[in-house]
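Q: Quick one: sequence plus predicted model below, questions after.
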Amino acid sequence: MKIKSILVLALLGISQSVVSANTHCSHQEVIVFNCNIGKKVVSICASPNLSAKTGYLQYHFGPIHSPELVFPSKIAPHDQVTGGTLTFSGGGGAYLRFIRNHHRYVVYTAIGRGWGEKAGVNVEKDGHRKANLICRNQPISELGPDFFERAAIKQDPIGFELPE
């Protein structure tokens, strides 16, 4: 029985390190969202002390160990981030919108009756969708009202419609 317990604990440790290896977030950060998009990864990483006045929330995109985009800076408050929830028949979802100059990066996750789960990042420029990058694996996601309240994320005034 002890051998089985040790084996299970060892496998859990391996699976955790595999998850950690496929994210831009450091071991000291909280993974708020993470998924693979082809050969690239989108990660939202937060400091453990994230609140309205302390900590940070960052969007990372690109290959592991060499992200193409990391913003905003590791400073509080997070004025460049808004969030919202989505309501559907038989489901719902949540999203974070990161604002950088004329670009908006909307990281989302949702589930609905008839179409199942959707997750990814929607890239907008000047209010127009430029790309929708779909998660190719089951995302890690803390997105939702509880996280938004705990992190003091402002309500997104624009709204978001899931891409088809």
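A: Good, I have the coordinates. Residues are numbered from 1 along each chain as shown.

Q: nearest residue to R129 other than its sequence neighbours?
A: Nearest non-adjacent residue to R129, counting by C-beta to C-beta, 6 or more residues apart in numbering: N122, 6.2 Å away. To be clear about C-beta, it is placed using only N, CA and C from the backbone, and glycine gets the same treatment.

Q: Just list what the host helix or strand of G93 packs against, helices and strands only.
A: G93 is part of strand 91-100 when elements are defined by DSSP states H and E. For strand 91-100, the elements it packs on are strand 81-88, strand 103-112, helix 145-150, judged by 3 or more C-beta pairs under 8 Å, 6 or more residues apart in numbering; DSSP states H and E.

Q: Try it again at 7 Å.
A: Applying 3 or more C-beta pairs under 7 Å, 6 or more residues apart in numbering; DSSP states H and E, we find strand 91-100 packed against strand 81-88, strand 103-112.

Q: so it versus strand 81-88, what angle?
A: Counting by axes from the mean of the first three to the mean of the last three C-alpha atoms, to 10 degrees, strand 91-100 lies at 160 degrees to strand 81-88.

Q: and the gap between the residue most central in space within the chain and K53?
A: Central residue of the chain (C-alpha atoms, centre = their mean): F33, 2.5 Å from the mean position. F33 sits 22 Å away from K53, going by C-beta to C-beta, to the nearest Å.

Q: quick revisit: right, and the helices and strands packed on strand 91-100 - which one's nearest Q138?
A: strand 103-112 (10.0 Å; C-beta to C-beta).

Q: list the contacts for N137?
A: Contact analysis of N137 by C-beta atoms under 7 Å, 6 or more residues apart in numbering lists 35-36.

Q: Is it in a helix, a strand, or coil?
A: With DSSP: H, G, I helix; E, B strand; the rest coil as the basis, N137 sits in coil.

Q: can you map out the strands along this structure?
A: Taking DSSP state E as the test, the strands found in the chain are 30-37, 40-46, 57-62, 69-71, 81-88, 91-100, 103-112, 116-125, 128-134, 140-141, 154-155.
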